[in-house]
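Colleague: Below are the sequence and a predicted model; questions follow.
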Amino acid sequence: MKVAAVAILCQDERVFESMIQAGTPCPIDGKIGKEAKALWSKYDHERPDYKVYVKRMEERKKAELAEQIEMTKEFERIEAERIKEEAKKLKKMEWVDPK
């Protein structure tokens with residue numbers, strides 16, 4: 001009966017989200033715990049907070065993409081700096097008389 005009571009509470013978006021955040025996913029199809037978490041991942045469209053969830057996932061994708069772009073820019077800057085330093089070293093070597 002306790003699982004049934006929690007299942008009723010979980011129909012509220014706020015309760016559902018709170019349960020997820022607490023690491024105790026709401027029951028689904030008689031499953032609880034890790035099994036419930038796996039089913040919620042598989043059937044996420046059945047979540048009571050689905051619209052909010054989808055929006056949050058889209059925002060996370062955007063944030064991850066922006067972070068990846070920044071990391072790529074930083075890598076390219078560091079690589080350009082390394083190449084510039086290598087070119088300086090090679091240029092110095094050209095001026096050294098091998099005699």
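Modeller: All right, it came through fine. Values in this document were obtained by computation on a predicted structure and should not be read as measured data. Numbering: from 1, shown residues only.

Colleague: I'd like to know how many residues surround Glu17.
Modeller: Each residue near Glu17 was counted by other C-beta atoms under 10 Å, and the total is 18. The way it works is simple: take the backbone N, C-alpha and C, and place the C-beta from them, glycine included.

Colleague: what comes into contact with the helix or strand hosting it?
Modeller: With the criterion set as DSSP states H and E, the secondary-structure element containing Glu17 is helix 13-21. If you take C-beta atoms under 8 Å, 6 or more residues apart in numbering as the criterion, helix 13-21 is touched by 6, 9-10, 25-26, 40, 47-49, 52.

Colleague: gap between the residue lying closest to Cys10 once chain neighbours are set aside and Met57?
Modeller: Closest residue to Cys10 apart from its sequence neighbours, by C-beta to C-beta, 6 or more residues apart in numbering: Cys26 at 3.4 Å. Cys26 sits at a distance of 18 Å from Met57 (criterion: C-beta to C-beta, to the nearest Å).

Colleague: Please identify which of these two sits among more neighbours.
Modeller: Applying other C-beta under 10 Å to Cys26 and Met57 shows that Cys26 carries more neighbours, namely 22 against 11.

Colleague: ok, now which ones touch that one?
Modeller: Applying C-beta under 8 Å, 6+ apart to Cys26 gives the contacts 6-7, 10, 15-16, 19-20, 36, 40.

Colleague: out of the residues you listed, who's nearest Lys91?
Modeller: Each of the contacts of Cys26 was checked against Lys91 using C-beta to C-beta; the closest is Ile20, at 58.9 Å.

Colleague: All set, thanks.
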